[in-house]
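Build me a model:
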Amino acid sequence: MDSTIRVNKYLATNAGISRRAADQAVEQGRVQINGSPARLGAALTPEDVITLDGVVIAPRSTHVLIALNKPVGYVCSRRQQGDSPTVYSLLPDEYQTLKLVGRLDRDSSGIILLTSDGDLAHSLTHPSFHKQKIYEVALDHDLQPLHRQMISDHGVILEDGKSKFELDRLHDGDDTRWQIIMSEGRNRQIRRTFAALGYTVTALHRTQFGPYALGSLAPGQYQSI
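Residues are numbered from 1 along each chain as shown. Next comes the predicted model:
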């Protein structure tokens with residue numbers, strides 16, 4: 001690492017975000033250098049450890065990391081399941097050995113990551129790192145205020161423990177479409193949480209996984225990050 005590199009340039013190079021977004025992340029306290037909050041314009045040394053949203057951002061290496069916008073109907077598996085194709089069928093031969101990070105069920109869409117870096121995969125998936133994920137969901141009928149409060153303030157008890165996440169309307173006056181922010185990731189957790197309260201999730205789309213956002217990537221497309 002160049003000892004004179006600024007923190008925003010380092011993040012832009014190695015985390016796949018713009019320098020402006022990097023500066024915003026610093027201002028929001030999401031960036032740490034050696035465990036302490038970063039400051040705007042900070043210079044980094046080769047010994048420094050930089051994290052964004054709790055994920056270590058290492059210098060780019062020979063490892064591969066790609067983001068894929070998974071369409072509905074594809075499974076996050078190496079093997080086709082019934083008539084459902086695998087997400088690997090969307091990728092060229094050189095990416096067939098990459099490890100899936102952040103699976104989505106067949107009926108969900110949005111960002112998934114694939115990488116050859118086992119350490120990165122661990123830092124993104126292990127619960128101790130509390131990586132943030134953002135989803136957009138549609139429900140079959142209006143979410144009642146009491147149920148919204150239950151989910152966001154108290155949590156809903158499922159068979160594998162309490163489920164709790166943040167909820168914000170996607171559009172004013174529309175109580176069927178919501179943005180969800182959460183740091184957990186249990187199997188079909190969002191769908192099961194709403195089902196426990198009498199709702200069916202009719203669409204679920206993930207727009208962000210840790211520091212990586214889907215952006216304008218079209219369904220079925222991928223890009224290196």
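
from here on, contacts and neighbour counts on C-alpha atoms
Fine.

can you give me the helices for this structure?
7-14, 19-27, 118-125, 145-149, 189-196 (DSSP state H).

Need the winner for burial among these.
helix 7-14 (a mean of 20; mean count of other Cα atoms under 10 Å).

elements contacting it?
Helix 7-14 sits against helix 19-27, with contacts defined as 3 or more Cα pairs under 8 Å, 6 or more residues apart in numbering; DSSP states H and E.

Could you check the angle the helix it packs on makes with helix 7-14?
With axes from the mean of the first three to the mean of the last three Cα atoms, to 10 degrees applied, the angle from helix 19-27 to helix 7-14 works out at 120 degrees.

hmm, who's touching helix 19-27?
With contacts defined as Cα atoms under 8 Å, 6 or more residues apart in numbering, helix 19-27 is touched by 7-9, 11-12, 31, 37-40, 52.

Dump the helices of the chain to a markdown table, plus distance to residue 222 and mean pLDDT.
Putting the helices of the chain into a markdown table (distance: least, Cα to Cα, whole Å; pLDDT from 0 to 100) gives the following:
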| stretch | distance to residue 222 | mean pLDDT |
| --- | --- | --- |
| helix 7-14 | 18 | 86 |
| helix 19-27 | 21 | 92 |
| helix 118-125 | 18 | 80 |
| helix 145-149 | 34 | 97 |
| helix 189-196 | 25 | 97 |
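
which stretch among these comes nearest residue 67?
Closest to residue 67 of the helices of the chain is helix 118-125 (Cα to Cα; 12.8 Å).

what does that closest one contact?
Under the criterion Cα under 8 Å, 6+ apart, residues 55-56, 99, 101-102, 115, 129, 131, 210 lie in contact with helix 118-125.

now that helix, how far from the centre of its chain.
Offset of helix 118-125 from its chain centre (Cα atoms, centre = their mean, to the nearest Å): 13 Å.

got the CA coordinates for the lowest-mean-pLDDT helix or strand in the chain in CSV?
Least confident helix or strand, the chain: helix 118-125 with a mean of 80, by mean pLDDT, DSSP states H and E. Output of helix 118-125 as CSV, limited to C-alpha atoms (Å, rounded to 0.1, in the frame of the first residue of the first chain):
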residue,chain,number,x,y,z
GLY,A,118,-12.3,-17.4,1.4
ASP,A,119,-11.3,-14.8,4.0
LEU,A,120,-13.6,-12.2,2.4
ALA,A,121,-16.4,-14.7,2.2
HIS,A,122,-16.0,-15.4,5.9
SER,A,123,-16.0,-11.7,6.8
LEU,A,124,-19.2,-11.2,4.9
THR,A,125,-21.2,-14.1,6.1
